[in-house]
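> Okay, here's the prediction I keep looking at, along with the sequence it came from:
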Amino acid sequence: MAPHSKNTPESPVDIEAEERRGLLNTGDEELERDDWTYKGKENPDEPQTWSQRKIAMIALVVIGLLITDHANVVSYNGTDLFRRTVIVVSIDGLRADYLDRGLTPHLLNISKKGLRAKSMKPIFPMLTGLFAESHGMVANNFWDPVSKDEFRYNQVSCVWNPSWWFGEPVRSSHGGVTTANLMWPGPPKTRTGGTSTYFVPWKDKVPLGEKLDQILKWIDLPVDKRPQLILAYEPSLDQAGHATGPNSKRVNDTLVKVDTFAKDLHSSLAARNLTDIVDIVFVSDHGMTDTSHPEPIWMDDILGEEGISAIAHEDGWPSMGLRFHNNANVTKYLDKLTLASEKNPEKFHVYTHKTMPERYHFANNPRIAPIYVVPEIGYILTTHAEGDTGMSKGNHGYDNEEFSMHAMFVAHGPFSVQAKVQHQRRSQDAHLAARANDGWHSTSNDAYIMKTFKNVEIYNLVMKLLDISVYSSQNNGTVGFWDQYL
Ligand SMILES: [Zn+2]
């Protein structure tokens, strides 16, 4: 997610504090459901010998293959049955080229055994899965003209209220898939009543080791209780990026911790003989750019004091969505802003729903303010009253074409095996050879690197890996995008 916000208290500590509070600090854990923890196997004293157990399992696999439909195909790891299983780990704010810093040997190692993408292009301005105009999360803080209410990302009353969220995530009713949510942003229940089977709500500063333990407890559940889809979310790298900037020691130190977590998760799966059964996908939602020495764009110089006081609601950061009071001369202020941006096109742009670049997919929702001021990287929008100091040292939400905004994608498991086999088969097939490299940035035995793709494709990847595409909700992914790999 994207806990970025303007640091009005003018202290770098405050934005960090707000980041720390995060999007969903529930204060205490009374909101936690108590059914997510692993309570052990059902019959721990069951006196079965290894061979009895093994024979029974193999028999079950065969029966399972005979009687289950495609979506419930089961595999056997030597000790237990496994349905198709996907673990998605979202590392907030892991910029694509962080992987080139020499600090993530384990993620790169996993990507060499599996594959990775050159980068993932995030949606503008933030979040994953759907374009902002579709999922309705148009900024961390924004005004909704329909409900006449303000959404604030760090208030539990907002974040847990499903009416704010238009998207429909993968959930239990999708083909009977058991799902687990480990602090992934969003409400416990969707607008249509969907829930995940296991739900661990957001809590800040949870050590990665605890998150690993929770994932493994889920993986070690009996097959009828085990989640087939585990979504886990980690915010520390985004928090570090905002607090001290993408080139800081704190970011590098956090990156090393995240990389160690990736290694531990991968090796825990390997120890369970699951690397060919469980798909693991590491993604991030966006990158991070240095904003420690921004050039200010003074909105009060452009609009005048009268114009500033005519603003009724101001959404987003670093972009600024503007709603003026009903009696304000909006045309006059739009003209002033447009003129100023035309004089300084390298600094910022001004858009209405009609002129918003189509590639942003950021117009078709009444929640998007009618006038949007979008700064270029290196610039911030502010007023003399707010000043230009004490802002966060790093930020995202800028033009998603900028590479520093791009996110990472590393995958390992049956998906990567299949993608490589498909590539090799095409390369050898005279009819398909010309298209063998479609979708690949580069391919060799040492590394398979996919071309940059949009993060809105991830939803369909998960649905495809679980073989439940038939249950897909409406989404902004490209129809057939994954056919070139799967
Ligand atoms: Zn952020």
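That came through fine. Numbering: from 1, shown residues only.
> residues near the closest residue to Ser442 other than its chain neighbours, how many?
Leaving aside its chain neighbours, Ser442 sits nearest to Ile449 (5.0 Å; criterion: CB to CB, 6 or more residues apart in numbering). In short, each C-beta sits where N, CA and C put it, glycine included. Neighbour count for Ile449, taken as other CB atoms under 10 Å: 18.
> Tell me if Ile449 really is in a strand.
Yes. Ile449: assigned to a strand according to DSSP: H, G, I helix; E, B strand; the rest coil.
> Assess the claim that it and Lys118 are in contact.
Yes. Ile449 is within contact range of Lys118, at 5.6 Å (criterion: CB atoms under 8 Å).
> Which SSE is immediately downstream of the strand or helix carrying Asp238?
In the assignment (DSSP states H and E), Asp238 maps to helix 236-244. Sequence-wise, the next helix or strand downstream of helix 236-244 (DSSP H and E) is helix 249-271.
> Pull out the buried residues from that following helix.
250-251, 254-255, 257-266, 268-269 (16 or more other CB atoms under 10 Å).
> residues near the residue of the stretch 201-350 of the chain found nearest the ion, how many?
At 4.2 Å from the ion, Asp238 is the closest residue in the stretch 201-350 of the chain, using CB to the ion. Using other CB under 10 Å, Asp238 is surrounded by 27 other residues.
> which residue packs closest to it, ignoring adjacent ones?
Using CB to CB, 6+ apart and skipping the chain neighbours, the partner closest in space to Asp238 is Gly93 (3.0 Å).
> For the one you found, give me phi and psi.
Phi and psi for Gly93, reported as degrees, to the nearest 10, are phi 80, psi 20.
> In terms of pLDDT, where does it sit?
Note on Gly93: pLDDT of 95.
> Ok, Gly397 next?
On pLDDT, Gly397 comes in at 87.
> So it lies in a strand, does it not?
No. Residue state for Gly397 (three-state DSSP) corresponds to coil; a strand is not indicated.
> That one contacts Asp315, correct?
No. With contact defined as CB under 8 Å, Gly397 does not reach Asp315; the gap is 11.4 Å.
> Find residues that contact each of those two.
Between them, Gly397 and Asp315 share no contacting residue under CB atoms under 8 Å, 6 or more residues apart in numbering.
> what about the helix or strand where Tyr372 lies, distance to the chain center?
Taking DSSP H and E as the definition, one finds Tyr372 inside strand 371-375. Distance of strand 371-375 from the chain centroid (CA atoms, centre = their mean, to the nearest Å) equals 24 Å.
> What separation is there between the residue of the stretch 201-350 of the chain closest to the ion and Thr254?
For Asp238, the distance to Thr254 equals 9 Å [CB to CB, to the nearest Å].
> same deal with Thr352?
Thr352 is 39 Å from Thr254, by CB to CB.
> Tell me the strands beside whichever strand or helix holds Ile380, with direction?
Using DSSP H and E, Ile380 sits in strand 379-382. Take DSSP bridges as the rule and strand 379-382 pairs in its sheet with strand 295-298 (parallel).
> which outside residues touch the partner strand?
With CB under 8 Å, 6+ apart as the contact definition, strand 295-298 has outside contacts at Asn344, Lys347, Phe348, Pro375, Gly378, Tyr379, Ile380, Leu381, Thr382, Thr383, His384, Asp388.
> same question, stretch 375-385
By CB under 8 Å, 6+ apart, the residues outside stretch 375-385 that reach it are 289, 291, 294-301, 308, 318-320, 346-349, 373, 388, 391, 398-399, 402, 404.
> now with 6 Å?
For stretch 375-385, the external contacting residues (CB atoms under 6 Å, 6 or more residues apart in numbering) are 289, 294-297, 299-300, 318, 320, 347-348, 373, 388, 398, 402.
> pLDDT averaged over it - what is it?
For stretch 375-385, mean pLDDT is 93.
> Figure out how far it is from the centre of its chain.
Offset of stretch 375-385 from its chain centre (CA atoms, centre = their mean): 26 Å.
> Ok, stretch 249-266 next?
Chain-centre distance of stretch 249-266: 17 Å, with CA atoms, centre = their mean.
> Report whether that stretch contacts the ion.
No. Using CB under 5 Å from the ion, stretch 249-266 never reaches the ion; the gap is at least 12.3 Å.
> pLDDT of that stretch, averaged?
On average, the pLDDT along stretch 249-266 is 98.
> CA atoms of it as CSV?
What follows is stretch 249-266, C-alpha atoms only, in CSV (Å, rounded to 0.1, in the frame of the first residue of the first chain):
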residue,chain,number,x,y,z
LYS,A,249,21.6,3.3,5.0
ARG,A,250,18.2,2.5,6.7
VAL,A,251,16.8,1.4,3.3
ASN,A,252,19.8,-0.7,2.6
ASP,A,253,19.7,-2.3,6.0
THR,A,254,15.9,-3.0,5.7
LEU,A,255,16.5,-4.5,2.2
VAL,A,256,19.0,-6.9,3.7
LYS,A,257,16.4,-8.0,6.3
VAL,A,258,13.8,-8.5,3.6
ASP,A,259,16.2,-10.5,1.5
THR,A,260,17.0,-12.7,4.5
PHE,A,261,13.2,-13.2,5.0
ALA,A,262,12.9,-14.3,1.4
LYS,A,263,15.8,-16.8,1.8
ASP,A,264,14.2,-18.2,5.0
LEU,A,265,10.8,-18.6,3.4
HIS,A,266,12.3,-20.2,0.3
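> what does it contact?
Here stretch 249-266 makes contact (CB under 6 Å, 6+ apart) with 91, 98, 103-104, 106-107, 110, 208, 212, 236-237, 240-241, 244.
> can we see that at 8 Å?
Contacts to stretch 249-266, defined as CB under 8 Å, 6+ apart, come from residues 87, 89, 91, 94, 98, 101, 103-107, 109-110, 208-209, 211-212, 215, 234, 236-237, 240-241, 243-245, 275, 280, 282, 288, 394, 410, 412.
> now those: which count as buried?
Neighbour counting by 16+ other CB under 10 Å classes 87, 89, 91, 94, 98, 103-104, 106-107, 109-110, 208, 211-212, 215, 234, 236-237, 240-241, 243-245, 275, 280, 282, 288, 394, 410, 412 among those as buried.
> List, one by one, the residues from the stretch 201-350 of the chain near the ion.
So the stretch 201-350 of the chain meets the ion at Asp238 (CB under 5 Å from the ion).
> Just the strands from the stretch 201-350 of the chain, written as ranges.
229-234, 278-283, 289-290, 295-298, 311-315, 320-324, 348-352 (DSSP state E, counting those that start in this stretch).
> Any chance of JSON lines for these, columns distance to Asp467 and mean pLDDT?
JSON lines is the format used below for these (distance: least, CB to CB, whole Å; pLDDT from 0 to 100):
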{"stretch": "strand 229-234", "distance to Asp467": "12", "mean pLDDT": "92"}
{"stretch": "strand 278-283", "distance to Asp467": "11", "mean pLDDT": "96"}
{"stretch": "strand 289-290", "distance to Asp467": "38", "mean pLDDT": "96"}
{"stretch": "strand 295-298", "distance to Asp467": "50", "mean pLDDT": "94"}
{"stretch": "strand 311-315", "distance to Asp467": "39", "mean pLDDT": "92"}
{"stretch": "strand 320-324", "distance to Asp467": "40", "mean pLDDT": "93"}
{"stretch": "strand 348-352", "distance to Asp467": "41", "mean pLDDT": "96"}
